[in-house]
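J.: All I have is the shape, not the residue letters:
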């Protein structure tokens, strides 16, 4: 054999050895990952499930597609005050959240006193209307009974006045299924016309993309749930230093460190347990799996064996709320120049601009956030992030000349564009509550489901914690 052939042959053998070694290492690593429970997702629901299981002495591993914990708890660390792009505050009835904050000795602050300092002006059809002048404005097309109410408060007032439920759990009770209709029908029944509904519901929409695709049952549930939270204690608290400190503390308490950048593509199961397959080739084996993946992303995960038809249909069809935020830092307090206050509720592509007060001094405005929801979010997501930020700034400057050159857009966050979210939260459309709400959280073989979309008695961060607690109990009871 000549020298050249020897070198080539040696290189081939070495390469084969490296491949074999890598394969053996992967095989050993995969065997080492044979666990009691694998939890997919390091948001609040997954971390709560993992901690509950660990407290029971169960060997659990959390895997996460992102490079961080927290899921939709996501503060912007490089902005003044670290504003939240995800979960903002905890209501008085968020018992699980408060218990976990107590467990990790996290300091909290009530932000209701600060929120009361914010004055929101209306900017409609290019005109500024102070709230004190709204009742007599020519642009106020609401019925006489509602003329004094700001447009963003009408829907909630209607749900409260005509509440159909006696407690939050009623919304998924089949006895109330007849109310699983579009809120548009409800508003029409109460005497509102399409133009009025567009004004108070579809402008800066809070749920869905229009009054036609949101279930009245869900909205009645939202209203009575918020009332219940406030009845426990009229507070809106957050962790001092940022809500991310809660999932950080929860993850830090796990014996097995969270594995990041594990994008799940499939879950297969047999009588011996389940395997979770990731895009990087990693396979996690466990007796049980808790899956907290939001439904828009879960659509791309292959299940072997297939999900029940109704559960599969829910995952494929239940929409998530389009939400995009543009976070801005004011260079000067321009609102003092025009005397209109920092807050803006607009019918423009600036959406609803809210002031953030996260400094030690309650009166200091640390940043502004433009909330674009529903169709506004979808439209701005069609632009590049930089063009989207520019559009919001230009819209604010157009209706608010005093703001010209006074705002710096720092961040844009689209939850639809987020590859591990697909939207801000689940929106149940007409007919979907009675059909799907009791089905999406049911176990499938050795796979259990959690996440805010599976919460029954709570929404948001508390709903996520509730679902993680339930899934942990299910999994532990099956081991």
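T.: That came through fine. The structure displayed is predicted, hence computed values, not measured ones. Residues are numbered from 1 along each chain as shown.
J.: which other residues reach the one helix or strand residue 274 maps to?
T.: Using DSSP states H and E, residue 274 maps to strand 273-278. Applying CB atoms under 8 Å, 6 or more residues apart in numbering, the contact partners of strand 273-278 are 38, 40, 63, 262-269, 283-289, 445-447. Quick note: C-beta positions are derived from backbone N, CA and C, even for glycine.
J.: Apply 10 Å and report the result again.
T.: Strand 273-278 has contacts (CB atoms under 10 Å, 6 or more residues apart in numbering) with 30, 33-40, 61, 63, 65, 259, 261-269, 282-289, 291, 301-302, 304, 445-447.
J.: domains of the chain?
T.: Domain assignment for the chain, taken from automatic domain parsing, gives 29-71+243-318+430-478, 141-232.
J.: So which of those is nearest residue 96?
T.: Residue 96 sits nearest to domain 29-71+243-318+430-478 of all those, at 3.9 Å, using CB to CB.
J.: looking only at pLDDT, what's the mean for that closest one?
T.: Mean pLDDT, computed over domain 29-71+243-318+430-478, is 95.
J.: got it, and stretch 387-400?
T.: pLDDT averaged over stretch 387-400 gives 97.
J.: List the buried residues in it.
T.: Buried residues in stretch 387-400, counted by 16 or more other CB atoms under 10 Å: 388, 389, 391, 392, 393, 395, 396, 397, 398, 399, 400.
J.: So the third one belongs to a strand, correct?
T.: No: under DSSP: H, G, I helix; E, B strand; the rest coil, residue 391 falls outside any strand and is assigned helix.
J.: ok, now how distant is it from residue 382?
T.: For residue 391, the distance to residue 382 (CB to CB, to the nearest Å) stands at 11 Å.
J.: And the fourth one, by the same measure?
T.: Per CB to CB, residue 392 is found 14 Å from residue 382.
J.: follow-up on the earlier one: give the ChimeraX command for selecting the buried subset of the contacts of strand 273-278.
T.: The ChimeraX selection below is limited to those of those classed as buried (16+ other CB under 10 Å):
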select :33,35,36,37,38,39,40,61,63,65,259,262,263,264,267,269,282,283,284,285,286,287,288,289,291,301,445,446,447
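J.: In strands only, show me the contacts of strand 273-278.
T.: Using DSSP state E, 35-40, 61, 63, 264-269, 283-289, 291, 302, 304, 447 are the members of the contacts of strand 273-278 that sit in strands.
J.: What is the burial count for residue 305?
T.: Number of residues near residue 305 (other CB atoms under 10 Å) recorded here: 12.
J.: Equivalent analysis for the one 4 residues further on, please.
T.: For residue 309, the number of neighbouring residues by other CB under 10 Å comes to 9.
J.: For it, give me its contacts.
T.: residue 439.
J.: Show the backbone phi and psi for it.
T.: As for residue 309, its main-chain torsions (degrees, to the nearest 10) stand at phi -60, psi -40.
J.: Tell me, how many residues neighbour the residue lying closest to residue 437 once chain neighbours are set aside?
T.: Excluding the flanking residues, the one nearest residue 437 by CB to CB, 6 or more residues apart in numbering is residue 172, at 4.6 Å. Residues lying near residue 172 (other CB under 10 Å) number 20.
J.: And for residue 469?
T.: By the criterion of other CB under 10 Å, residue 469 has 18 neighbours.
J.: Wait, residue 228 touches residue 167, no?
T.: Yes: Residue 228 is in contact with residue 167 according to CB atoms under 10 Å; the separation is 7.6 Å.
J.: Need the overlap of contacts for those two.
T.: In contact with both residue 228 and residue 167: residue 457, using CB under 10 Å, 6+ apart.
J.: what about those two, which has more around it?
T.: Taking other CB under 10 Å, residue 228 and residue 167 do not tie; residue 228 has more neighbours (16 against 12).
J.: List the buried residues in stretch 326-333.
T.: By neighbour count with 16+ other CB under 10 Å, stretch 326-333 contains the buried residues 326, 327, 328, 329, 330.
J.: mind listing which of the residues you listed are in strands?
T.: The strands, defined by DSSP E, take in 326, 327, 328, 329, 330 from the buried residues of stretch 326-333.
J.: Can you redo those as a markdown table, where the extra columns are distance to residue 53 and pLDDT?
T.: Shown next, in a markdown table, are these (distance: CB to CB, whole Å; pLDDT from 0 to 100):
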| residue | distance to residue 53 | pLDDT |
| --- | --- | --- |
| 326 | 39 | 98 |
| 327 | 36 | 97 |
| 328 | 42 | 97 |
| 329 | 42 | 97 |
| 330 | 46 | 97 |
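J.: Give the closest residue to the residue nearest the centre of the chain in space, chain neighbours not counted.
T.: Closest to where the C-alpha atoms of the chain average out (CA atoms, centre = their mean) is residue 424, at 3.8 Å. In space, and not counting its chain neighbours, residue 424 is closest to residue 323: 3.8 Å by CB to CB, 6+ apart.
J.: What residues are bridge-paired with the one you found?
T.: Beta-bridge partners for residue 323, by DSSP bridges, are residue 373.
J.: separation between it and residue 117?
T.: 25 Å.
J.: again with residue 63
T.: According to CB to CB, residue 63 and residue 117 sit 43 Å apart.
J.: What residues of the helix or strand that residue 412 is a member of count as buried?
T.: Using DSSP H and E, residue 412 sits in strand 407-414. Using 16+ other CB under 10 Å as the test for burial, strand 407-414 gives 407, 409, 410, 411, 412, 413, 414.
J.: State the pair within the residues you listed that is farthest apart.
T.: Distance extremes for the buried residues of strand 407-414: the farthest pair is 407 and 414 at 19.3 Å, using CB to CB.
J.: Many thanks, we can stop here.
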